[in-house]
Structure formats: C-alpha cells, structure tokens
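Participant: this one's sequence-less:
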C-alpha cells in the first residue's frame with residue numbers, strides 16, 4: 001500500500017517544486033546578482049511569505065535549487081538506455097551545455113565570493129561529481145580496475161564541463177560536435193583496449 005498524502009501536502013510539494021524550477025530559471029538567465037527571493041517568488045507565482053516558509057534564507061533556496069539540478073542531471077543520466085559509447089559521450093556533454101548546468105555554474109561563481117554559500121556548494125558539488133562519475137562508469141561499461149580507465153572517464157567529464165563553459169559565451173555546435181566525435185573515438189579505443 002502506498003503512502004497517502006493530503007491535498008495540503010500535495011500543494012506544498014507542488015509549491016516547493018515551482019520555487020525550485022523558478023530559482024533554476026532565474027540563476028540560468030540572470031545569475032546570482034539578479035536572482036533574488038522576490039524574483040523567484042514572482043516567477044513561481046508564489047508569495048514571498050510562502051517562499052520563506054519553504055526556504056528561510058536566500059542561500060537555502062539556491063542551495064536547494066542546485067540540489068534539484070543535481071538530482072535532475074543524475075535522473076537524466078540514469079534514464080539513458082544502455083547504448084553505444086558514442087551516444088553516451090554525446091549525452092554526457094549535452095548535460096553540461098543546458099540550462100541546468102548554467103544555473104549550477106552561476107551558483108559556483110556566487111559561492112566563490114559568498115562565504116555563507118561556499119561550504120554548502122563545495123560539499124554539494126563534490127557529491128554531484130562522485131555521482132556523475134559513478135553513473136558515467138556504469139553507462140560506459142568501464143572497468144575502473146584497469147589502469148587509466150578512471151582517468152579516462154574523469155577526463156571525459158572534465159572535457160564536457162569545459163564545453164559547457166565555452167557554450168556560455170557562444171553556441172559553437174559544429175565545433176562541439178567534432179570534439180564530441182573525437183572524444184567518443186578516444187573513449188571507445190581506451191575502454192575497448194582495457195577490456
């Protein structure tokens with residue numbers, strides 16, 4: 001028998017979800033400076049009081065938003081069917097070039113200058129990094145007991161993050177597609193020769 005929730009709990013969960021999505025959208029579009037609690041509340045169609053009921057501080061709101069981003073990225077990764085490695089490499093890069101990554105990046109930058117955010121975001125990103133690496137290893141069917149395989153997977157994730165950063169300034173899809181194709185070949189060669 002499943003857990004029964006009341007309509008009030010359902011509304012509260014829906015409000016929280018709208019606030020998190022609005023916070024991610026604000027960060028992605030306006031960065032930290034333009035992402036106030038009021039702006040998020042307005043975007044979500046929620047009162048400031050209701051926002052502060054769910055998230056007492058700005059840091060609570062945006063840290064929760066990045067946790068939400070991390071969960072969404074992990075869910076997207078886990079949802080990928082087991083496919084050829086080239087498709088997996090392209091899907092990993094896609095996760096770093098979309099609005100979820102853009103929102104997380106704005107929070108990283110803010111955390112570098114905001115002491116109250118720094119520890120929370122650092123811990124969160126370490127956890128997200130470990131989870132992303134673990135999922136990538138599974139999707140690529142990589143054997144990390146073989147020398148160099150762990151570094152190959154980590155290099156792929158680092159490269160994907162770099163392409164995500166470059167995408168903030170300009171959409172260079174053609175160049176990115178060539179880089180992804182080359183990395184897919186390198187990953188395939190590296191992981192196939194280690195099997």
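Facilitator: Yep, that arrived. Bear in mind that the values here come from a model prediction, so they are computed numbers and not experimental data.
Participant: can you pull the contacts of residue 110?
Facilitator: For residue 110, the contact set (CB atoms under 8 Å, 6 or more residues apart in numbering) comprises 31, 32, 62, 117, 121. Just so you know, the C-beta spots here come from the backbone N, C-alpha and C atoms, and that holds for glycine as well.
Participant: pick out the lowest-pLDDT one from the residues you listed.
Facilitator: Across the set of the contacts of residue 110, residue 117 stands lowest in pLDDT, at 76.
Participant: was I right about that residue contacting residue 108?
Facilitator: No. Counting by CB atoms under 8 Å, residue 117 sits too far from residue 108 to count as a contact (9.3 Å).
Participant: more crowded one of those two?
Facilitator: Remark: of residue 117 and residue 108, residue 117 carries more neighbours, 21 against 16, as counted by other CB atoms under 10 Å.
Participant: using the three-state scheme, assign the closest residue to that one other than its chain neighbours.
Facilitator: For residue 117, ignoring the flanking residues on the chain, the nearest one in space by CB to CB, 6 or more residues apart in numbering is residue 111 at 4.2 Å. Judged by DSSP: H, G, I helix; E, B strand; the rest coil, the three-state class of residue 111 is helix.
Participant: ditto for residue 171
Facilitator: Classification of residue 171 by three-state DSSP places it in coil.
Participant: next, count neighbours for it.
Facilitator: Counted with other CB under 10 Å, residue 171 comes out at 11.
Participant: look up how far residue 115 lies from it.
Facilitator: Distance, residue 171 to residue 115, by CB to CB, to the nearest Å: 34 Å.
Participant: would you map the helices across the chain?
Facilitator: 7-30, 37-44, 48-54, 58-79, 85-95, 99-113, 115-140, 149-169, 173-193 (DSSP state H).
Participant: now residue 163: how far from residue 100?
Facilitator: 15 Å.
Participant: which residues are in contact with stretch 31-49?
Facilitator: Against stretch 31-49 from outside (CB under 8 Å, 6+ apart): 15, 18-19, 21-23, 25-27, 30, 50-52, 55, 58, 61-62, 106-107, 109-110, 114.
Participant: swap in stretch 59-78?
Facilitator: So stretch 59-78 is contacted by 19-21, 23-24, 27, 32, 35, 37, 40, 51, 54-55, 91-92, 95, 100-101, 103-104, 107, 110, 114, 116-117, 120-121, 124, 127-128, 131-132, 135-136, 139 (CB under 8 Å, 6+ apart).
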